[in-house]
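1. Sequence and predicted structure, then a few things I'm wondering about:
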Amino acid sequence: MEDRTINLDLTFKAALIANWQWLELECEPCGVTVRFELQPLRARTRHNVVSDFVARAHCRFCGEPPARAFLVRRYEDADPLQFLKFRVEEWTHDGQHIEAIKAACYSVTAGWAAYHAIVKDLPGRYVTYRIGSYLMATTRPEPPPTPPNNVIPMPKKDRSGANQPASSHRHRSRLAPF
Ligand SMILES: [Zn+2]
């Protein structure tokens with residue numbers, strides 16, 4: 001969860017002590033929001049007070065002053081589902097982030113039932129059934145089998161053009177990102 005304030009009349013030091021982590025500036029003409037980490041920003045600016053920095057800030061693209069400015073901090077909620085260990089989760093298409101917890105169950109069988117129902121509801125989506133870091137089931141296809149040791153994989157070119165060895169380890173860690 002995130003917490004934000006528009007009260008910027010405090011020093012960077014006081015803001016950091018109050019656990020504010022970022023300064024967020026919005027440029028209305030560009031429709032862009034920029035988030036600065038407070039700690040490095042404090043080191044790099046000559047201003048002591050956050051509002052003084054904001055008053056002199058302007059957009060790198062259009063030169064306008066920020067339309068809105070906030071201090072932002074993130075706080076950890078105690079997980080309200082902490083005793084429901086069997087989780088069915090929907091992931092983003094790239095498999096990097098959990099988009100939604102679809103079910104949290106107390107028992108493994110309830111989790112399985114939920115997993116099958118949810119997979120049916122979400123055709124084509126990346127859904128996992130996990131307990132902790134242990135993957136029970138996934139809608140992602142299995143990684144291809146590891147080639148025998150005497151087979152040297154063809155170097156694959158990624159978009160940046162750098163050579164990436166087709167390592168099965170790399171592949172697997174991408175498929176199970178937890
Ligand atoms: Zn702008």
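-> Looks like it came in fine. Numbers count the residues shown, from 1 in each chain.

2. and residue 15, that's in a helix?
-> Yes - the assignment for residue 15 (DSSP: H, G, I helix; E, B strand; the rest coil) places it in a helix.

3. wait, it sits on residue 49?
-> No - using C-beta atoms under 8 Å, residue 15 is not in contact with residue 49; the gap is 9.4 Å. Heads up, the C-betas are built off the backbone N, CA and C, glycines and all.

4. of the two, who's got more company?
-> Each of residue 15 and residue 49 had its neighbours counted (other C-beta atoms under 10 Å), and the higher figure belongs to residue 15 (24 against 16).

5. Contacts only, for the more buried one.
-> Taking C-beta atoms under 8 Å, 6 or more residues apart in numbering, we find residue 15 in contact with 38, 50, 71.

6. Quick check: pLDDT value at it.
-> Here, the pLDDT recorded for residue 15 equals 96.

7. Please apply the same query to residue 155.
-> The per-residue pLDDT reported for residue 155 equals 73.

8. again with the one 3 residues further on
-> At residue 158, the predicted lDDT confidence score is 64.

9. Could you do the one 10 residues further on as well?
-> Here, the pLDDT recorded for residue 168 equals 46.

10. Likewise for residue 18?
-> So residue 18 comes in at 94 (pLDDT).

11. Just give me the neighbour total for it.
-> Residue 18 has 11 nearby residues by other C-beta under 10 Å.

12. Please apply the same query to the one 10 residues further on.
-> Other residues near residue 28 number 13, with proximity taken as other C-beta under 10 Å.

13. what do you get for residue 6?
-> A count of neighbours around residue 6, defined by other C-beta under 10 Å, yields 9.

14. I'm done for today, thanks for sticking with me.
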